[in-house]
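[1] Starting from these lines, generate the structure:
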Amino acid sequence: EGSLKYEVVIVDDSSPDGTKEVAEAIQKSFGSEKVTILSRKGKLGLGSAYVAGLKQARGDRIVIMDADMSHHPKVIPEMVKRMDQTNCEIVTGTRYLPGGGVSGWDTFRKLTSRTANFLADFLLNPGVSDLTGSFRLYERKAIQQILPRVAAKGYAFQMEIVVLAKKAGMQIQEVPITFVDRIYGQSKLGTKEILLYLKGLVQLFFTT
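    Numbering: from 1, shown residues only. Okay, the predicted model is just below:
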C-alpha cells in the first residue's frame with residue numbers, strides 16, 4: 001500500500017529454524033532503514049518481545065503479527081482504515097466473524113480455540129469475538145499503557161491485553177482475517193499452554 005509509511009521490526013529469540021537468516025535477507029533487500037532485526041539470546045517470552053520491539057519501533061501505530069505468514073500483511077491497510085474511521089485504540093484480527101476463518105488446523109486445534117474463546121466470552125464478557133489471536137494494530141500509547149500491567153503468559157497474554165484495554169475504557173474494533181497454519185515448524189499448543197490459559201482466565205475472572 002504505497003500511501004502507508006512503515007518500518008518492520010523483527011524480534012528473534014535465537015530461533016533454530018533459520019528466522020534470523022531469512023530476516024537478514026529481507027533487510028538486505030529493503031534496507032536497514034525499513035527493516036530492523038532484534039536478536040536476543042534464548043526464549044525470553046512473548047511479553048518481553050513486545051516490549052523490546054516497541055523500544056525499537058518509531059511509529060505512533062504498532063502492528064504486531066506472526067512472522068511466519070500465518071497473518072497476511074494484506075489485511076494491514078484495512079486495519080489502518082478502520083482505526084482512522086472509528087478513532088479506536090486497537091484493531092484486532094478475528095477468525096470468528098463472517099469473512100474470517102482458519103486454514104490448516106485439525107479438529108482438535110479448532111475445537112481448542114473455539115472452546116478457549118467461548119469460556120473467555122462467558123466469564124469475562126470482553127465484547128471481542130477472538131481473544132486469543134495476536135494479529136493486531138495498536139495506538140502506541142495504548143499498548144504502552146497496557147503492557148506493564150499484563151501478568152499472564154502464553155495464549156492468555158493476548159486475552160489479558162484485551163480485557164485490560166476494555167477496563168481502561170479503550171475502544172476495540174475487529175477486522176476478519178484468515179489464519180493460515182505454518183508450513184514449517186510445529187505449533188507450541190500443548191497441555192502446558194492450555195493449563196496456562198485456563199489459569200490466566202480464572203485469575204482475570206477474579207481480578208477484573
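
[2] Strands of this structure, start to end?
    For the chain, strands defined by DSSP state E occupy the ranges 8-12, 35-39, 61-64, 90-94, 101-103, 136-139, 172-176, 178-180.

[3] Only alpha carbons, please: show the fourth one as PDB.
    What it means is strand 90-94. These are the backbone C-alpha positions of strand 90-94, laid out as PDB (Å, rounded to 0.1, in the frame of the first residue of the first chain):
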ATOM      1  CA  ILE A  90      -7.000  -1.200  19.000                       C
ATOM      2  CA  VAL A  91      -8.000  -3.100  15.800                       C
ATOM      3  CA  THR A  92      -7.800  -6.800  16.200                       C
ATOM      4  CA  GLY A  93      -8.000  -9.500  13.600                       C
ATOM      5  CA  THR A  94     -10.700 -12.100  14.100                       C
END
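
[4] Mind giving me the packing neighbours of that strand?
    Applying 3 or more C-beta pairs under 8 Å, 6 or more residues apart in numbering; DSSP states H and E, one finds that strand 90-94 contacts helix 76-86, strand 136-139, helix 156-167, strand 172-176. Placement of C-beta: from N, CA and C, glycine included.

[5] Need the residue closest to the centroid of the chain.
    Most central in the chain under C-alpha atoms, centre = their mean is Ser134, positioned 2.0 Å from the mean C-alpha point.

[6] Got phi/psi on that one?
    Main-chain torsions, Ser134, degrees, to the nearest 10: phi -120, psi 10.

[7] Spatially, what comes nearest to it if we skip its sequence neighbours?
    Nearest non-adjacent residue to Ser134, counting by C-beta to C-beta, 6 or more residues apart in numbering: Gln158, 5.3 Å away.

[8] my guess is that neighbour contacts Leu131, does it?
    Yes. Using C-beta atoms under 8 Å, Gln158 and Leu131 qualify as a contacting pair, with a distance of 6.5 Å.

[9] who's more crowded, these two?
    Leu131 (27 against 23; other C-beta atoms under 10 Å).

[10] what pLDDT does the more buried one get?
    Looking at Leu131, its pLDDT reads 88.

[11] same thing with Ser187?
    So Ser187 comes in at 56 (pLDDT).

[12] just to revisit the earlier point, mean pLDDT for the strands of the chain - can I get that in JSON lines?
    Shown next, in JSON lines, are these (pLDDT from 0 to 100):
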{"stretch": "strand 8-12", "mean pLDDT": "93"}
{"stretch": "strand 35-39", "mean pLDDT": "93"}
{"stretch": "strand 61-64", "mean pLDDT": "95"}
{"stretch": "strand 90-94", "mean pLDDT": "97"}
{"stretch": "strand 101-103", "mean pLDDT": "91"}
{"stretch": "strand 136-139", "mean pLDDT": "97"}
{"stretch": "strand 172-176", "mean pLDDT": "97"}
{"stretch": "strand 178-180", "mean pLDDT": "92"}
